[in-house]
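Colleague: this is a predicted model, with the sequence first.
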Amino acid sequence: MQTVDVGSKEDGKLWYRKPNPSLSNGILVSVIRSAAAHGNRSVRFLQATFDTTGDSFLAADHHGNIYVFDITQNRFQLVQRTGQACTALAFTLRRTSEYLVALADYSIKCFDKDTKQLVSWMRGHEGAVSSISVHSSGRYAISTSSDTAQLWDLDTFQRKRKLNIRQSVGIQKVFAVFAQTRFCKGTGCTYLQHFEDGKTLAVGGRSSLIHLWCLDSQKLMRVAQMPPNVRTVRHLEFLPDSFDRGSSQILGILSQDGIMRFTNIQTFKPLFEIGSIDNGITGVSICSKGRHIVTVIDSGALNIYSVENLTREVNKPPKPLVMMGTQGSENSRATVKVQAGTVQRPAKTPRRVHPAKKLQPPAVITGDGPETGQRDGLSKKRLQKVLKAFGEYPSKYRMFVWRSLLCLPENHCAFSSLMQKGVHPAFVTLHERYPIKSPKLQRGLQRVLSALAHWSAIFGETDYLPLVAFPFVKLFQNNPLICFEVVATVIVNWCQHWFEYFPNPPLNVLSMVENVLAHHDKSLLQHFVNCGITSQMYAWPLLETLFSEVLTQDEWLRLFDNIFSNHPSFLLMAVVAYIACCRAPLLQLTLREDFEYFFHHRNNFAISEMIKEAYHLMDSTQADIHPRCMLTDFEPLTAGQYPVFNKYPTFIVEYQSKERERIRQQELEYLRERQAVQELRSEAVRQQAEDEAWYVQQELLQQAEEQRRRILQQEEEKLTEQRARLAAMKRELKVKELQMVDAARRRFLKHQQDQRKIQLRRLDDEIQRKMALRDQETAAAVQDVEVRQMELDAQRHVFEQQLTKEQERVNQGVTAEIDTWRRRAELDETTFQNLLQSDTDLSQETKRVLEASLTEAEQLDADLQWKTEVLKRLEKADAEQQKHHQHLAELNRETRAKEEELVHIMMKMEDKKVRGKRNGQHIYIQHLLACRCYMSHDLFLADSQSERNLGPPCSSRRLLNKPEFSKSLNKQPFSLDRGRAELDHKERELMQVVRDLRQKMARNGAEYSSSSR
């Protein structure tokens, strides 16, 4: 049993040597598929089904690959990859290349195996499809699942009907039959199968019983009991037969043990079985012609069975009936036994023993004896009577008659020894001298001639031997032994004395022909003599070809029917008869070439007249010139070994063979020398060709080099032009880039100018705002001062009145002390003036730093860092000034605290006025001095706060509101114009700096615009 692995191949052969299934299992080939991607594990085949012709079948594996296996063509091919397992397969009957596939997703697809295209996609089942049945018309198909059966129209691929049943009952199989569908009632039915004629239904189930129903009469015909080891029927399948007209008589039953048993439904006699318990069958498909069976076994492999081998024992003809008799005494009756079997010897009788007869081989019968029997039991005289009556032997039995007439010994061993010697050297080049269209005929002629040459050396030297043997080789080309013995018999009997004058034609035989012709037709012979035509011209061409050139096949066969049935001299008489029948055209010929053409080509004459003339010549020729007296009678070849043939001049043959061997050696030497010369010549030619090819190659290389140089030069020129264009483009791009940079620089400068103008406008606005704020503050301060002045004037008058009263009392006592305090006040005033002078110097230093920053900004052509630098320095100065202001604020708070203490003390002192005037005057003087000191500090703070856009000092306001402060105004006059002059001076300086900056920016812009142009 052969095993083929399809593996990952998409096509290939099923077997590489012709399968020879045994009678025991009948398996042609086993098909498996191993997947290399899964560790060479086998992929299981699931389904298989035959097409309508029965020559090929489809098989689907677990991975969804569908293969088509052609048993007659010995090929397999992968036709589809579905990607999922297949649950059912079926071929459509109308379009034989299309097939239906039920997949694991409950859908049914129709594919074309030739184009490998998807034809249609049918959905509708809610469970796995277990089977697909196609109607014989090919238009409808029924698909079956466990819950529904659906009818499909294969022309439109639409669902026509749907059969639903209760869920408690499962559908096992639904199929289409030729007749009207009928239903059978039964219990435990699991599988059904019908005949091809649609009249009988086989039902099997969960028992060992098989029910046969007649669908026409709806009656149960027969119930069969299976063997005891069959408990459940899983599958039923009929085995078709070509001679039963669709009414199959063999039913295959697959049971639970995985073995499928085939039985005759008429006798229920088991015929054969397939499968085994170890590797049981899971699925089966039988071709429509009943030639092959494909099974799917548990291991997932496919087994292809030959039904012919499985049924060989079944179809064997019965043993013959042999009648055997037992002979008793004369009075007793003969006992006859008829039995089947081989022939047995009858039992020996004790009464009488007959001696056994010894069979002798039949004697060899010669032509001159009175016996007419042949070895094979054919009578030569009766054959001659048949030949005389019909003119020829029946074509159906001609070869058998010839073998009987020639008494062929059929020496197989001797012929095999001759054939084992191989092809004779004389006939190695036979195909060159005698070319034949058929290679088989050419090889047959070569084998027969080689055997003849090995039998006798003369035949290797005879040039015309192929002409003699060719007609017989053509007749017996399928049996070389008979062909060899026929040719050898013809040479031994009908070619007597042909080789005595070798290598010349047989002059003695030709003289016999000439004598017979001279006896019967002297005028024709005289005409040959007058034209210079000898017997070698008119007789030898007919003899050396045995008439094969001048006769057709039927004519030749009729002639040799008569030659083999008569004496060997009949061949020579046939030559004279042929010449006599063609007497009229021969008398018209005068040229030698015309005679040569005439005896080497076919002519118009009646073969029956020629044979009749030959018989006339055999009977009317005188005995002294008759060839019969020169030729011996027919002698057949000896049995066992062929006779020695040496009727030829051996010295000539040996000399010729030696000469031929010498010539052959010389030819071999010549051939070797010619081969050497040829090799030298071929080497010289090859060298010359190589030299010429080298020169041509060099010229081609030079041309190619020049061409490539031109191409390179052209490419360099193109590259130079491209570089020039690229340089021009770069220049243009550079100019554009410069223009863009210039435009960007202009836009940036313009943007800077705009920003600076905006900053200048912002500064102008800020200055205007500060000036307006300063004017408002100044006006408010003036109004406040005027109001305070009025209040002070009023209080002053009050104080003046009081002071006038008290001045007189204390004026004299405190004059000295006032002078002291005045000096102290002047000293404080001097200190205060110095402090104011230091603040003024600090403001001037800040202005100089600002001017230096502005000068540096002008030198850097409007660099953006000038603003940052100025802002940093201003912030630093502001921070220092803020620290100074904080220090002054602390001093102000301390002074205010002291002021409050002084006010508190003054209030206490007013309560204690009565206690003493001296103490009161002393407190008043201290209070006045403190107020003057405090006022000088407030004036300094107001002056510094005016530069920072601060409001009027609150402390001064609080001090002016105090009644005690009115007395100090008389001694120390207050002026508002002292800080204003300084502010005006600073403002004028700042405006001058701004004007200078604007002028410088205008000059720089004009210079830049002139340079860009």
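Modeller: Perfect, thanks for sending it. Residues are numbered from 1 along each chain as shown.

Colleague: can you give me the strands for the stretch 151-300 of the chain?
Modeller: 158-164, 189-194, 200-205, 209-214, 219-225, 233-239, 250-255, 260-264, 270-274, 281-286, 292-297 (DSSP state E, counting those that start in this stretch).

Colleague: so for Leu990, which of the ones you listed sits nearest?
Modeller: Using CB to CB as the measure, strand 158-164 is the one of the strands of the stretch 151-300 of the chain that comes nearest Leu990, at 102.2 Å. All C-beta spots, glycine's among them, are computed from the backbone N, C-alpha and C.

Colleague: what helices and strands are in contact with that closest one?
Modeller: For strand 158-164, the helices and strands in contact under the criterion 3 or more CB pairs under 8 Å, 6 or more residues apart in numbering; DSSP states H and E are strand 148-153.

Colleague: among the strands of the stretch 151-300 of the chain, which comes closest to Arg725?
Modeller: Checking the strands of the stretch 151-300 of the chain against Arg725 by CB to CB gives strand 158-164 as the closest, at 70.6 Å.

Colleague: how far does the closest one sit from its chain's centre?
Modeller: 40 Å (CA atoms, centre = their mean, to the nearest Å).

Colleague: and what of stretch 794-812?
Modeller: Centroid displacement of stretch 794-812 relative to its chain, using CA atoms, centre = their mean, is 130 Å.

Colleague: just the buried positions in it, please.
Modeller: Judged by neighbour count using 16 or more other CB atoms under 10 Å, the buried positions of stretch 794-812 are 795-796, 799, 803, 806, 810.

Colleague: wait, which of the strands of the stretch 151-300 of the chain is closest to Gly7?
Modeller: Gly7 sits nearest to strand 292-297 of all the strands of the stretch 151-300 of the chain, at 18.3 Å, using CB to CB.

Colleague: and Thr52, how many neighbours does it have?
Modeller: Residue crowding around Thr52 was assessed by other CB atoms under 10 Å; the count is 16.

Colleague: hang on, it packs against Arg95?
Modeller: No. Shown here, Thr52 and Arg95 do not form a contact pair, counting by CB atoms under 8 Å, at 10.4 Å.

Colleague: between these two, what contacts are shared?
Modeller: For the pair Thr52 and Arg95, no residue contacts each of them under the criterion CB atoms under 8 Å, 6 or more residues apart in numbering.

Colleague: by contact count, what packs against the strand or helix carrying Glu901?
Modeller: Using DSSP states H and E, the secondary-structure element containing Glu901 is helix 865-911. The criterion is 3+ CB pairs under 8 Å, 6+ apart, and the helices and strands that helix 865-911 contacts are helix 815-859, helix 917-947, helix 954-961.

Colleague: lowest mean pLDDT across those, which one is that?
Modeller: Comparing mean pLDDT over those, the weakest stretch is helix 954-961, at a mean of 40.

Colleague: secondary structure and pLDDT for the buried residues of stretch 794-812 - can I get that in a markdown table?
Modeller: What follows is those, written out as a markdown table (DSSP: H, G, I helix; E, B strand; the rest coil; pLDDT from 0 to 100):
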| residue | secondary structure | pLDDT |
| --- | --- | --- |
| Gln795 | helix | 79 |
| Arg796 | helix | 74 |
| Phe799 | helix | 77 |
| Leu803 | helix | 75 |
| Glu806 | helix | 76 |
| Val810 | helix | 72 |
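
Colleague: can you tell me which of those residues comes closest to Arg139?
Modeller: Proximity of these to Arg139 was ranked by CB to CB; the top entry is Gln795 with 134.7 Å.

Colleague: need the pLDDT of the closest residue to Val6 other than its chain neighbours.
Modeller: Nearest non-adjacent residue to Val6, counting by CB to CB, 6 or more residues apart in numbering: Arg33, 4.9 Å away. Model confidence at Arg33, expressed as pLDDT, equals 88.

Colleague: for Arg33, the count of nearby residues, please.
Modeller: Residues within reach of Arg33, counting by other CB under 10 Å, total 23.

Colleague: before we move on, what about Arg81?
Modeller: Other residues near Arg81 come to 11 when the count uses other CB under 10 Å.

Colleague: show me what contacts it?
Modeller: For Arg81, the set of contacting residues under the criterion of CB under 8 Å, 6+ apart consists of 64-66.

Colleague: how close does it get to Ser8?
Modeller: 12 Å (CB to CB, to the nearest Å).

Colleague: shared neighbours of these two, anything?
Modeller: With the criterion set as CB under 8 Å, 6+ apart, the contacts of Arg81 and Ser8 do not overlap.

Colleague: pretty sure Trp645 contacts Ile458?
Modeller: Slight slip there: residue 645 is Phe, not Trp. Yes. Here Phe645 reaches Ile458: they are 7.3 Å apart, a contact under CB under 8 Å.

Colleague: who has more neighbours out of these two?
Modeller: Ile458 (25 against 16).

Colleague: was I right about that one contacting Phe502?
Modeller: Yes. Under the contact definition of CB under 8 Å, Ile458 touches Phe502, with a separation of 6.6 Å.

Colleague: ok, Ile250 - how many residues close by?
Modeller: Applying other CB under 10 Å, we find 22 residues neighbouring Ile250.

Colleague: contacts only, for it.
Modeller: 238-239, 241, 262-265, 271.

Colleague: if we can go back for a sec, now the weakest link among the strands of the stretch 151-300 of the chain, please, by mean pLDDT.
Modeller: Mean pLDDT per stretch puts strand 189-194 lowest among the strands of the stretch 151-300 of the chain, at a mean of 53.

Colleague: check the gap between the residue nearest to Val6 and Glu875 for me.
Modeller: Note on Arg33: its distance to Glu875, by CB to CB, is 91 Å.

Colleague: hey, what's Ala35 bridged with?
Modeller: Bridge pairing for Ala35 (DSSP bridges) gives the partners Arg41.

Colleague: any idea which of the buried residues of stretch 794-812 is closest to Ala693?
Modeller: Gln795 (139.0 Å).

Colleague: that closest one and Leu803, how far apart?
Modeller: Counting by CB to CB - Gln795 and Leu803 are separated by 11 Å.

Colleague: try Glu410
Modeller: Separation of Glu410 from Leu803 (CB to CB): 189 Å.

Colleague: swap in His797?
Modeller: Look at His797 and Leu803: by CB to CB, they are 10 Å apart.

Colleague: likewise Ala453?
Modeller: Distance, Ala453 to Leu803, using CB to CB: 185 Å.

Colleague: tell me, how many residues neighbour Lys437?
Modeller: Number of residues near Lys437 (other CB under 10 Å) recorded here: 6.

Colleague: actually Gln687, not the one I typed
Modeller: Taking other CB under 10 Å as the criterion, the count of residues near Gln687 is 11.

Colleague: could you do Trp821 as well?
Modeller: Residue crowding around Trp821 was assessed by other CB under 10 Å; the count is 16.

Colleague: how close does it sit to Lys912?
Modeller: 22 Å.

Colleague: ok, Arg823 next?
Modeller: In this view, Arg823 and Lys912 are 29 Å apart by CB to CB.

Colleague: list the buried residues in stretch 459-473.
Modeller: Within stretch 459-473, the residues that qualify as buried are 459-462, 465-473, counting by 16+ other CB under 10 Å.

Colleague: same question, stretch 98-110
Modeller: Residues of stretch 98-110 classed as buried by neighbour count (16+ other CB under 10 Å): 98-104, 108-110.

Colleague: hmm, who's touching the helix or strand hosting Val529?
Modeller: Element membership of Val529, judged by DSSP H and E, is helix 522-530. When contacts are defined by CB under 8 Å, 6+ apart, helix 522-530 is touched by residues 514, 517-518, 534, 537-538, 579-580, 583, 586-587.

Colleague: low-confidence ranges in the stretch 351-500 of the chain?
Modeller: Using pLDDT under 70 as the threshold, the predicted model of the stretch 351-500 of the chain has low-confidence ranges 351-377.
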